[in-house]
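Chemist: Sequence and predicted structure below; questions after.
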Amino acid sequence: MTGQMSASAPQVAEDVLLARAYLSRVAEAPAVALAGFVAEVGPVEAAQRVQDGRVSEAVAGETGARRVVRRAAADLDAAAAVGARLITPEHTEWPQWPFAAFALTGQRELAPPLALWVRGPGLLAGLCEQAVAVVGARAATSYGAHVAGDFSAGLADRGFTVVSGAAIGVDGAAHRGALAVEGPTVAVLACGVDRAYPAAHQMLLERIATSGLVVSEYPPGSVPGRHRFLVRNRLIAGMAAGTVVVEAGLRSGAQRTAADASALGRLVMAVPGPVTSGLSAGCHRLLREGALLVTRTEEVLEAVGRLGLDLADPLDSSVSRPTDGLDPVAAVVHDALPARAHRDTRWLAMEAGVPIGAVRVALVDLERRGLVEHCDGRWRRPRGEQL
């Protein structure tokens, strides 16, 4: 599978891991001031100065409440106990190019993660090389769940990683669709990777951790919070080349993911639904605002795939009908035929507005095609024919 872990992957120095582990707990993401400070002085120096309180007012504002919490070694041990590990920008499996976009947005809420806790055999950088986020409503309709699963299975079958948030509804259907074809999928959580949230998806998360990757920027033991769901959405958007919104209300987490994707310069796609459905109202607004309308996997692949290679075949618009190929006179005579009554040629000539001789010629052709029935000098459509 794309992104499988290599046994020879280079290790990061222990002091860097401990520093990043400490920093991931000491500040609530997204910590833009702390991220800038770490980039300036390095993680080890930044961690030491945060512990000592020798930081700017902005950094102190993000770290002051927790700087005395020194659980780095315990967090690394807790992660290892559940088969998880900490990856940092110093690791080769860190998705450097996808995450570089965070610093370019200029938006505080889109600060890059300081480190990521991951559980599973996948390498994140490899999994992000060809990735699509599939997101949507928790209270998904059967239509939304079907579309999410079908899209995701098609994407995963073509080697694309399906990224989502493991929530009930569209997210869960997306992960299951990828797993059904034994394809790669990444679940981004708003809590520690050692927790199953939602609890109903415990087995699903175990399956993802067996073949793909469960990811969080929150250290082990962290509990989910409303703001954390919104914050983690930037990671879902940042890991993927494009985001597909399957179903979403006008105010929803999926809308936030789409907004983050747009700010990061990633393609936003939306699936249309019934205009009477509140769960499609968000998708329709995205489409009005410029999102790409997609109705099948091939259209998603064309948008995010290889230029000139992953093109979607045009839909076959030719619907075969029994009346295809009729000349114009025969077509109007056929239209004039009643469905439940027999009529003579004179009546048909009047109704169709063509000479009676032309009607007789047309009826011969229509009878040969099985499009008329003759009985006692009168004509009608065959029983059961669709109008």
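Modeler: Yes, it's here.

Chemist: Could I get the contacting residues of residue 22?
Modeler: 47, 50-51, 70-72 (C-beta atoms under 8 Å, 6 or more residues apart in numbering). Where C-beta positions appear, they are placed from N, C-alpha and C, glycine not excepted.

Chemist: and the gap between it and residue 118?
Modeler: For residue 22, the distance to residue 118 (C-beta to C-beta, to the nearest Å) stands at 18 Å.

Chemist: Check residue 178 too.
Modeler: Separation of residue 178 from residue 118 (C-beta to C-beta) stands at 17 Å.

Chemist: Between the two, tell me which one has more neighbours.
Modeler: residue 178 (29 against 25; other C-beta atoms under 10 Å).

Chemist: Make sure that one is indeed in a helix.
Modeler: Yes - with DSSP: H, G, I helix; E, B strand; the rest coil as the criterion, residue 178 is part of a helix.

Chemist: Would you agree it is in contact with residue 185?
Modeler: Yes - if you go by C-beta atoms under 8 Å, residue 178 and residue 185 touch, sitting 3.9 Å apart.

Chemist: quick one: common contacting residues for the two?
Modeler: With C-beta under 8 Å, 6+ apart as the test, residue 178 and residue 185 both reach 152, 156, 161-162, 212.

Chemist: Would you mind checking which of those is nearest to residue 223?
Modeler: residue 212 (23.4 Å; C-beta to C-beta).

Chemist: wouldn't the closest one be in contact with residue 186 here?
Modeler: Yes - here residue 212 reaches residue 186: they are 5.7 Å apart, a contact under C-beta under 8 Å.

Chemist: In terms of neighbours, single out the busier of those two.
Modeler: Neighbour count, other C-beta under 10 Å: between residue 212 and residue 186, residue 186 has more, with 30 against 27.

Chemist: any low-confidence regions in this structure?
Modeler: 1-10, 306-320, 384-387 (pLDDT under 70).

Chemist: ok, residues contacting the top helix by length along it?
Modeler: Of all segments of type helix in the chain, defined using DSSP state H, the longest is helix 142-157. Helix 142-157 is contacted by residues 132, 134, 136-137, 140, 162, 169-171, 173-178, 180-185, 244, 246-247, 271, 273, 279, 294, 296-298, 300-301 when judged by C-beta under 8 Å, 6+ apart.

Chemist: can you check stretch 258-271 too?
Modeler: With contact meaning C-beta under 8 Å, 6+ apart, stretch 258-271 is reached by 101-102, 104-105, 107, 110, 133, 135, 144, 147, 151, 233-234, 236-238, 240-248, 283-284, 286-287, 290-295, 300, 303-304.

Chemist: Between the two ends of it, how far is it?
Modeler: In stretch 258-271, first residue to last residue: 13 Å (C-alpha to C-alpha, to the nearest Å).

Chemist: For it, what is the distance to the chain centroid?
Modeler: Chain-centre distance of stretch 258-271: 10 Å, with C-alpha atoms, centre = their mean, to the nearest Å.

Chemist: do stretch 215-232 as well
Modeler: Counting by C-alpha atoms, centre = their mean, stretch 215-232 is centred 20 Å from the centre of its parent chain.

Chemist: Only the buried residues of it, if you could.
Modeler: Neighbour counts over stretch 215-232 (16 or more other C-beta atoms under 10 Å) mark 215-220, 222, 224, 228-229, 231-232 as buried.

Chemist: now stretch 163-177
Modeler: Of the residues in stretch 163-177, those buried (16+ other C-beta under 10 Å) are 163-167, 169-177.

Chemist: and the two most separated of the residues you listed?
Modeler: 163 and 169 (15.7 Å).

Chemist: all helices of the stretch 251-387 of the chain, in order?
Modeler: Residue ranges of the helices in the stretch 251-387 of the chain, as given by DSSP state H, counting those that start in this stretch, are 253-263, 278-288, 297-304, 328-336, 345-352, 356-368.

Chemist: Then the stretch 51-200 of the chain?
Modeler: Under DSSP H, counting those that start in this stretch, the stretch 51-200 of the chain gives helices at 57-63, 72-81, 96-105, 124-129, 142-157, 170-180.

Chemist: Out of these, flag the one nearest residue 369.
Modeler: Taking C-beta to C-beta, helix 142-157 is the member of the helices of the stretch 51-200 of the chain nearest to residue 369, at 38.0 Å.

Chemist: Could you figure out how far the closest one is turned away from helix 297-304?
Modeler: If you take axes from the mean of the first three to the mean of the last three C-alpha atoms, to 10 degrees, helix 142-157 sits at 60 degrees to helix 297-304.

Chemist: Just give me the residue closest to the centre of this structure.
Modeler: Ranked by distance to the mean C-alpha position of the chain (C-alpha atoms, centre = their mean), the top residue is residue 134 at 1.2 Å.

Chemist: Quick one: residues contacting that one.
Modeler: 148, 151-152, 155, 162-164, 170-171, 174, 243-244, 246.

Chemist: Closest to residue 17 out of the residues you listed?
Modeler: Among the contacts of residue 134, and counting by C-beta to C-beta, the member closest to residue 17 is residue 163, at 24.9 Å.

Chemist: separation between that closest one and residue 126?
Modeler: Applying C-beta to C-beta, the value for residue 163 to residue 126 is 13 Å.

Chemist: do the same with residue 212
Modeler: Taken as C-beta to C-beta, the span from residue 212 to residue 126 is 11 Å.
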